[in-house]
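**Q** Provide a 3D model corresponding to the input given below.
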Amino acid sequence: MGGMPGLGAREANLATDASLDLYLAHQFLPWRRESGRLLIATADTSTANLAWLRDTYGGAHIVPIASCDLQREIARRFRDRLSEDAVFSLWSKMPTLSARQTFTCKQTAAFIAAGLAVVIACCLWPLTVVQILVAAMSVGFAVSAVFRAALALLGGRNKKVCAPPSDESALPTYTILVPLYREAKVLPRLVRAISALDYPGIM
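**A** Numbers count the residues shown, from 1 in each chain. Okay, the predicted model is just below:
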């Protein structure tokens, strides 16, 4: 059993996983029973929420608590359920938007069929397959070269340069993310380089 300031020990099994969405929506937790009366801890003391709690739980005794205390207790009490929701909720609600399944059954079957076709072709017509692969790679290389040349030509054209706004507050705000892992030696040089950027608001 856990405890929160002013509430004492919590009675086990009053708060269930099935009602977690309700606890989060209305910011409360059933805490314990005192002389047959349910004690409810809530961080939302708005008139509407208190009225809903009284209507739902009858003569329950409602105790206001800090939102951080309630969130900490919910995270501790429902750690497994919250972790499961974080990993699988998108998959269960909208599987087409989830990356849990990288390939569908039809895609997997198509890849297997294509692989078998390539293997069979290599066994039956090895020289033809090699010629086709060489031709395909040559075409790909040529297309890539033409594309890069076009980008270089278009990017090198003279373009009208807009004057920066006189009011620095009109400039957009940028956030620089610098992931580091075991790179303490380069950190001072990196900080100096970022600090040297000529942009308003850089500290």
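**Q** C-alpha from now on. contacts and neighbour counts both.
**A** Noted.
**Q** How many neighbouring residues does E73 have?
**A** The burial count assigned to E73 is 16, neighbours taken as other C-alpha atoms under 10 Å.
**Q** Tell me the buried residues in the strand or helix carrying it?
**A** Using DSSP states H and E, E73 sits in helix 67-77. Neighbour counts over helix 67-77 (16 or more other C-alpha atoms under 10 Å) mark 69-70, 73-74, 77 as buried.
**Q** Three-state assignment for A41, please.
**A** What DSSP: H, G, I helix; E, B strand; the rest coil gives for A41 is strand.
**Q** hey, what's it bridged with?
**A** Beta-bridge pairing for A41 (DSSP bridges): L29, V63.
**Q** The chain: strands as residue ranges?
**A** For the chain, the strands defined by DSSP state E cover 3-4, 8-9, 28-34, 37-42, 61-64.
**Q** pLDDT on the second one, on average?
**A** So that's strand 8-9. Taken as a whole, strand 8-9 has an average pLDDT of 68.
**Q** could I get the strands of the chain as JSON lines with distance to A149 and mean neighbour count?
**A** Listed next are these as JSON lines, based on distance: least, C-alpha to C-alpha, whole Å; neighbours: other C-alpha atoms under 10 Å:
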{"stretch": "strand 3-4", "distance to A149": "67", "mean neighbour count": "14"}
{"stretch": "strand 8-9", "distance to A149": "72", "mean neighbour count": "12"}
{"stretch": "strand 28-34", "distance to A149": "63", "mean neighbour count": "21"}
{"stretch": "strand 37-42", "distance to A149": "65", "mean neighbour count": "19"}
{"stretch": "strand 61-64", "distance to A149": "68", "mean neighbour count": "17"}
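**Q** Can you give me the pLDDT of E73?
**A** 88.
**Q** Sorry, slip of the keys, the one I care about is K160.
**A** Value for K160, per-residue pLDDT: 68.
**Q** Identify the farthest-apart pair in the buried residues of helix 67-77.
**A** D69 and R77 (12.1 Å; C-alpha to C-alpha).
**Q** Now tabulate the buried residues of helix 67-77 in CSV and tack on distance to A43.
**A** Converted to CSV, those look like this (distance: C-alpha to C-alpha, whole Å):
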residue, distance to A43
D69, 9
L70, 7
E73, 12
I74, 12
R77, 16
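**Q** re the thing from before, tell me the angle the helix holding E73 makes with strand 37-42.
**A** Put simply, helix 67-77 runs at 110 degrees to strand 37-42, going by axes from the mean of the first three to the mean of the last three C-alpha atoms, to 10 degrees.
**Q** Can you check what angle separates helix 67-77 from strand 28-34?
**A** Using the same axes, to 10 degrees: helix 67-77 against strand 28-34 is 80 degrees.
**Q** Contacts for stretch 96-103, please.
**A** 90-91 (C-alpha atoms under 8 Å, 6 or more residues apart in numbering).
**Q** Now distance to I176 too, for the strands of the chain, in TSV please.
**A** Compiled in TSV, the strands of the chain are given as follows (distance: least, C-alpha to C-alpha, whole Å):
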stretch	distance to I176
strand 3-4	40
strand 8-9	46
strand 28-34	38
strand 37-42	39
strand 61-64	41
